[in-house]
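**Q** coordinates for the following, if possible.
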Amino acid sequence: MRRTLAGIALAVTTMVALSFQIPLSLLVRSEARTQAVTAAEQRAAALAPVLALTTDSASLRQAAAGVDPDDRLAVHLPDGQSIGTGHAPASLLRRAQQEGESLARDVPGGWAYLQPVVLGGGRVAVIEEFVPAKELTRGVAVSWWVMAALAVGLVAGSVLVADRLAARVVRSSQHLSRAANALGGGDLDTRVEPMGPPELYEAGLAFNAMADRMVQLLATERELVADLSHRLRTPLTVLHLAAEQAATSADSERINAAVAALETELQAVIETARAPLAVRPAGPPAAGLPGGTHCSAAEVTARRAGFWAVLARQQNRPFELAVTSEPAPVALPEDELTAVIDALSGNVFRHTAPGTAFAVRLERSAQAVTLVVEDAGPGIADPDAALAR
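**A** Residues are numbered from 1 along each chain as shown. This is a model prediction of the structure:
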């Protein structure tokens, strides 16, 4: 990209420089010629009054030397005598004498200007001013070199500025590309420092926001899978316990209910796994949200405690249930609160021996609703390891 931008700057600046330099070069050359021609005409005009007063050779030569010290001024008298060195062809001299008009022509080695002067008796003398070719282009080469140097400096400066700007853009793009590759390779901690033009700066901010959102979604997915897996253990525990105790039709009904619960949980796992990431919740539901996110903790706790009380009686477990009589709404869907109670109660049956007492209590204070599931077992030897996923 740097090379491309520098090439564009080089091409554009070169075209701009040439579009100005070519007309300026022609103008400089034309101006130099105009100045040389004007000076020649002025010198010839300065000698004309002297020629009108006298045709003496010595006087004319002295006057010509005073007007043009470079000895490029010549006088052609009517009698054919010439003072100074002439460069104009004879035909051009005769034409000037006959027509009495000023003439200017390019001649070998330069440029000649002829100015006729009418003398007494109808005679016509001609003053000739010769301008060498180098005088016509004096200073043109130097001016061209100066303009060329300025043009080169302008082009080089524009290319340098374009390269610096391109380097800034390319550096930002490379950082963003490397970060994207690293993120695609699994480095979720990769972030970029927003830099460069406003567009790339905003792209860097968007990349960092995308990476943060990706980390959040992955963490949510891991937590969701862990929760769903844990929820599957509860109906499996019930099946295991019911299978051991199955002896009557009531036991068979409980097994069927546990199987139905297992099927429900499996269907929830499938639906959750198939749901797009964009429509899954990124965290726990916020309190006060509409759409069925509230339930009565007292009713759900009483209903699920009745289910576990039957299993407790089969294992001769003393069971205590204490549920507040006050309304206890919580900002959780009913199935989520059911999963919490089942998971905690299932752990009691899974990790304690038959006959171990346990209790379920639901209390309400001014600020919170508290659910307590406890048992009379020996406790957990390593609580930190037990809480680790």
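**Q** pretty sure R350 is touching T237, no?
**A** Yes - if you go by Cβ atoms under 8 Å, R350 and T237 touch, sitting 5.4 Å apart. Every residue, glycine included, has its C-beta placed from N, CA and C.
**Q** have a look at the two and say which one is more surrounded.
**A** T237 (20 against 13; other Cβ atoms under 10 Å).
**Q** separation between the more buried one and V300?
**A** From T237 across to V300, the span is 19 Å (Cβ to Cβ, to the nearest Å).
**Q** same thing with E326?
**A** 15 Å.
**Q** same check, this time on M147
**A** To V300, M147 is 91 Å away according to Cβ to Cβ.
**Q** all strands for the stretch 151-300 of the chain, in order.
**A** If DSSP state E, counting those that start in this stretch is used as the criterion, the strands of the stretch 151-300 of the chain fall at 295-296.
**Q** residues near A179, how many?
**A** Applying other Cβ under 10 Å, we find 19 residues neighbouring A179.
**Q** name the nearest residue to it, ignoring sequence neighbours.
**A** Once flanking residues are discounted, A179 sits nearest to V192: 4.4 Å by Cβ to Cβ, 6 or more residues apart in numbering.
**Q** so that neighbour touches E202, yeah?
**A** No - if you go by Cβ under 8 Å, V192 and E202 don't touch, sitting 11.8 Å apart.
**Q** which one of those two has more residues nearby?
**A** Comparing V192 with E202 by other Cβ under 10 Å, the one with more neighbours is V192, at 21 against 12.
**Q** show me what contacts the more buried one?
**A** If a contact means Cβ atoms under 8 Å, 6 or more residues apart in numbering, then V192 has H175, L176, A179, G204, F207, N208 as its contacts.
**Q** okay, it and L114: tell me how far apart.
**A** V192 sits 81 Å away from L114, taking Cβ to Cβ as the criterion.
**Q** same thing with G184?
**A** Relative to L114, G184 is positioned 87 Å away (Cβ to Cβ).
**Q** more crowded one of those two?
**A** A direct count of neighbours by other Cβ under 10 Å for G184 and L114 places L114 higher, at 23 against 9.
**Q** looking at this, that one is in a strand?
**A** Yes - counting by DSSP: H, G, I helix; E, B strand; the rest coil, L114 is part of a strand.
**Q** residue contacts, the closest residue to G84 other than its chain neighbours?
**A** Closest residue to G84 apart from its sequence neighbours, by Cβ to Cβ, 6+ apart: A74 at 3.4 Å. Listed by Cβ under 8 Å, 6+ apart, the contact partners of A74 are A64, S82, I83, G84, T85, G86, H87, I127, E128, E129, F130.
**Q** correct me, but the first one touches T85?
**A** So that's A64. No - A64 is beyond contact range of T85, at 10.7 Å (criterion: Cβ under 8 Å).
**Q** common neighbours of the two, please.
**A** Between them, A64 and T85 have D71, A74 as joint contacts when contacts are counted by Cβ under 8 Å, 6+ apart.
**Q** so between the two, which is more surrounded?
**A** Just comparing A64 and T85: by other Cβ under 10 Å the higher neighbour count belongs to A64, 24 against 11.
**Q** mind listing what's buried along whichever strand or helix holds the more buried one?
**A** Following DSSP states H and E, one finds A64 within helix 57-67. By 16 or more other Cβ atoms under 10 Å, the buried positions in helix 57-67 come out as L60, A63, A64, V67.
**Q** same for that helix, what does it pack against?
**A** Contacts of helix 57-67 with other secondary structure elements, assessed using 3 or more Cβ pairs under 8 Å, 6 or more residues apart in numbering; DSSP states H and E, are made with helix 2-53, strand 73-76, strand 82-83.
**Q** how about R171, what does it touch?
**A** Neighbouring residues of R171 by Cβ under 8 Å, 6+ apart: M195, G196.
**Q** how near is it to A180?
**A** Here the distance between R171 and A180 works out to 15 Å (Cβ to Cβ).
**Q** kindly report the same for I83.
**A** Note on I83: its distance to A180, by Cβ to Cβ, is 90 Å.
**Q** helix/strand/coil for the spatially most distant residue from the centre of the chain?
**A** Checked against the mean C-alpha position of the chain, the extreme residue using Cα atoms, centre = their mean is G121, at a distance of 89.5 Å. Three-state assignment for G121 (three-state DSSP): helix.
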